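> Provided below for reference: sequence and predicted model.
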Amino acid sequence: MITIKEAKTKKELTDYIKFPFSLYKDNPYWVPPIIADELESFDKTKNPAFDNAEAYFYMAYKDNKIVGRITAIINWSEVNNQHKRKVRFGWFDVIDDIEVTKALLEKVYELGRQNNLEHVEGPMGFSNLDKVGVLTEGYDQMGTMITWYNNPYYVTHFEQLGFQVEKEYIESVFPFSNVKPEFFLKAQELIKKRYGLKSLTFTKTKDIMPHVDKMFDLFNESYAKLASFVAISDVQKEYFKKKYISFINPEYIKFVVDKDDKLIAFSIVMPSFSEALQKAKGKLFPFGFLHLLKARKKSKDVVFYLIGVHPDYQNKGVTAIIFDEYYKTFSEKGIQTCIRTPELAENTAIHLLWKNFDPKIHCQRKTYLKYL
């Protein structure tokens, strides 16, 4: 018999977070989160995502043992502002038992029907800066700290339960040796002169902070046309600024401004923390933070997290300026591998940015939809 229980207390939420640790205990490709960080993300008094969203955390039990988990989410900004009558689900993990999957998803359907919503989609988080998609290819590839890993049978479960593919994402990788400066060196000089642009680079986090709000504004503006996009609120900007910006190497954040110092492009890259997180095993103490600090300073792999260009400057080659700055930084640090995080397969503009680097798709993921 399968029993579903909502996780509410800190202990219950900790059990919820720890379930994948047992499910993927012997999997060399799964990257565990930091438990304390996940707890904070699920804390309705700390995560501003809950200002515009509601979420419920469910665990499935069989023979008094946890066998699955799921989060049911309504992003009210999406429902009310974009008129998408959708209930989301995320943080989905389950043993290979379709009855468990069915029981967990039923809680998501219930939430949707209670609020007169029309369809369910997932896996996805509260907002566009959360993890997204179920892995459909690349089960033998190391995950990143900003992607979910899953077993192949997840896809089979969704298909058997009548879900259809809604969005497709690709992830790719290329060796830094593929980056040839002749593709952007002269171009970036011409573009700077033509449009009166200049690059901003940093060595100290405190020098980045005055620009961060403008960066998030530009993020909202540059991605606004994507069908799946929900803008980041002012409160969320403050939260992400405090939580993440100080954690990112300042030299890995690049800005481009116009002659009036208006921000027109940005990019954020992070060192790969995957192996460090595996060693930390979900805990910062006593030694987990040391593994993360070492990766921050010495990782030879980097993850391209975000890139945004103002609509007025898209298709004008502005990214050549950003690539030139990264080429200098990566050469100095001895970077070996560049990894791209999930990008919508339909976003051809972003894929064209990388064509000269000959990236290889190594992972694919999808979100699935079902009408209620």
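Right, received. Where do you want to start?
> can you map out the helices along the stretch 251-372 of the chain?
Secondary structure of the stretch 251-372 of the chain (DSSP state H, counting those that start in this stretch): helices located at 274-280, 288-298, 319-333, 348-352.
> which residues of the stretch 201-350 of the chain score low on pLDDT?
227-228 (pLDDT under 70).
> Kindly recompute the last result at 90.
222-247, 315, 346-350 (pLDDT under 90).
> Now stretch 248-263 - C-alpha only, CSV.
Taking Å, rounded to 0.1, in the frame of the first residue of the first chain, the C-alpha atoms of stretch 248-263 are listed here in CSV:
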residue,chain,number,x,y,z
ILE,A,248,30.6,33.4,-7.9
ASN,A,249,34.1,34.2,-8.9
PRO,A,250,34.0,38.0,-9.7
GLU,A,251,36.3,37.4,-12.7
TYR,A,252,33.7,35.1,-14.2
ILE,A,253,31.0,37.9,-14.4
LYS,A,254,31.3,40.0,-17.5
PHE,A,255,29.3,43.2,-18.4
VAL,A,256,29.1,45.3,-21.6
VAL,A,257,27.9,48.9,-21.3
ASP,A,258,27.2,51.6,-23.9
LYS,A,259,28.7,55.1,-24.0
ASP,A,260,26.3,56.3,-21.3
ASP,A,261,27.3,53.4,-19.0
LYS,A,262,24.0,51.6,-19.6
LEU,A,263,24.2,47.9,-19.2
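> Going forward, count from 638.
Sure, I'll start numbering at 638, so the last one becomes stretch 885-900.
> Tell me the buried residues in it?
Within stretch 885-900, the residues scored as buried using 16 or more other CB atoms under 10 Å are 885, 886, 888, 889, 890, 891, 892, 893, 894, 895, 900. Backbone N, C-alpha and C define where each C-beta goes, glycine included.
> And residue 999, how far from residue 868?
Distance of residue 999 to residue 868, given as CB to CB, to the nearest Å: 31 Å.
> Check residue 782 too.
24 Å.
> neighbour-wise, which of those two wins?
Set residue 782 next to residue 868 and count neighbours by other CB atoms under 10 Å: residue 782 wins out with 21 against 18.
> Quick check on the more buried one: phi, psi?
phi -70, psi -10 (degrees, to the nearest 10).
> quick one, what contacts it?
By CB atoms under 8 Å, 6 or more residues apart in numbering, the residues touching residue 782 are 668, 670, 907, 910, 911, 914, 940.
> Tally up the residues packed near the fourth one, please.
Looking back up the chat, that one is residue 910. 22.
> Do I have it right that it meets residue 931?
No. Using CB atoms under 8 Å as the test, residue 910 is too far from residue 931 to be in contact (10.0 Å).
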